[in-house]
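K.L.:
What shape does this take:
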Amino acid sequence: MKTIAVFAIKGGVGKTATAVNLAYASATQSARRTLLWDLDGQGAATFTLRLAAAPGQSARKLFAADAALDALIQPSAYPRLDVLAADKSLRHLDRAYAADSARRLKKMLKSFDRDYDRVILDCPPGLTTLAEEVFRAVDLIVVPLLPSPLSERAYEQLQSHLTKHHKKGPPLLPVWTMVDRRRALHKATVDAVPDRVAIPYAVAVEAMAVHQAPVAATAPHGPAARGFNRLWAEVEAALR
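P.N.:
Residues are numbered from 1 along each chain as shown. As a prediction, this is how the structure comes out:
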């Protein structure tokens, strides 16, 4: 089993769209047994796959020492793709983590080893206590970036942080998101790093919340779906 975190220092960069589409590509394109774990209290990935936390359950309670994780995993509408749903209780998870010395995330991920080939985490933004645990636990970090100087600066800050605090930590795989090549800044920024995957700005991506489905399920031949498929191929190559 390999674990992939989709992480960004700042929000609004297409993080959840990236996580959902990578999970879909893992399950369909690579036929991997895939778990998408929604760790973001907004629950956008959960909503996009037409799911919700089970009534009476708190996603934060997953981090209790005696939590039964298997009972809370839900199948999605797609073969081989399951989901650990989020709810608003996760907004306070970082506070709980700060007071908990158990460092459970890596152990929790290990418990999925028999049932899944790939676990993809949709992480909340920011360099938080939970983020530090993610950095210690996963095999690869996919970093969505807008094609702008501020996003490049945020990526450099993340690189610097990992170099300083997680020298043996996972590699980073950056990806341009929401790229509009009609805009001079976007075009110049993307062209400066031509080998980096670029996901175009597309109505199909925006419509994910309307259709509650991955892009490749609704517009499989469109440029956004092709971009996410190319990104997944790079993820698989990085995990070999």
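K.L.:
can we go C-alpha only for contacts and neighbour counts from here?
P.N.:
Will do.
K.L.:
May I have stretch 118-135 exported as PDB, CA atoms only?
P.N.:
Output of stretch 118-135 as PDB, limited to C-alpha atoms (Å, rounded to 0.1, in the frame of the first residue of the first chain):
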ATOM      1  CA  ARG A 118      -3.600   3.400  -2.500                       C
ATOM      2  CA  VAL A 119      -4.900   5.700   0.300                       C
ATOM      3  CA  ILE A 120      -5.300   9.400  -0.800                       C
ATOM      4  CA  LEU A 121      -5.700  12.100   1.900                       C
ATOM      5  CA  ASP A 122      -7.500  15.300   1.100                       C
ATOM      6  CA  CYS A 123      -5.800  17.500   3.800                       C
ATOM      7  CA  PRO A 124      -6.900  20.800   5.200                       C
ATOM      8  CA  PRO A 125      -4.600  23.700   4.200                       C
ATOM      9  CA  GLY A 126      -1.900  25.200   6.400                       C
ATOM     10  CA  LEU A 127       1.200  24.100   8.300                       C
ATOM     11  CA  THR A 128      -0.700  22.700  11.300                       C
ATOM     12  CA  THR A 129       0.000  20.000  13.800                       C
ATOM     13  CA  LEU A 130      -2.000  17.600  11.700                       C
ATOM     14  CA  ALA A 131       0.000  18.500   8.600                       C
ATOM     15  CA  GLU A 132       3.200  17.600  10.500                       C
ATOM     16  CA  GLU A 133       1.700  14.100  11.200                       C
ATOM     17  CA  VAL A 134       0.800  13.800   7.500                       C
ATOM     18  CA  PHE A 135       4.300  14.600   6.500                       C
END
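K.L.:
Please give the centre-to-centre distance between that stretch and its chain.
P.N.:
What separates the centre of stretch 118-135 from the centre of its chain is 9 Å, taken as Cα atoms, centre = their mean, to the nearest Å.
K.L.:
and what of stretch 24-43?
P.N.:
8 Å.
K.L.:
Would you mind measuring the gap between the ends of it?
P.N.:
End-to-end distance for stretch 24-43: 17 Å, by Cα to Cα, to the nearest Å.
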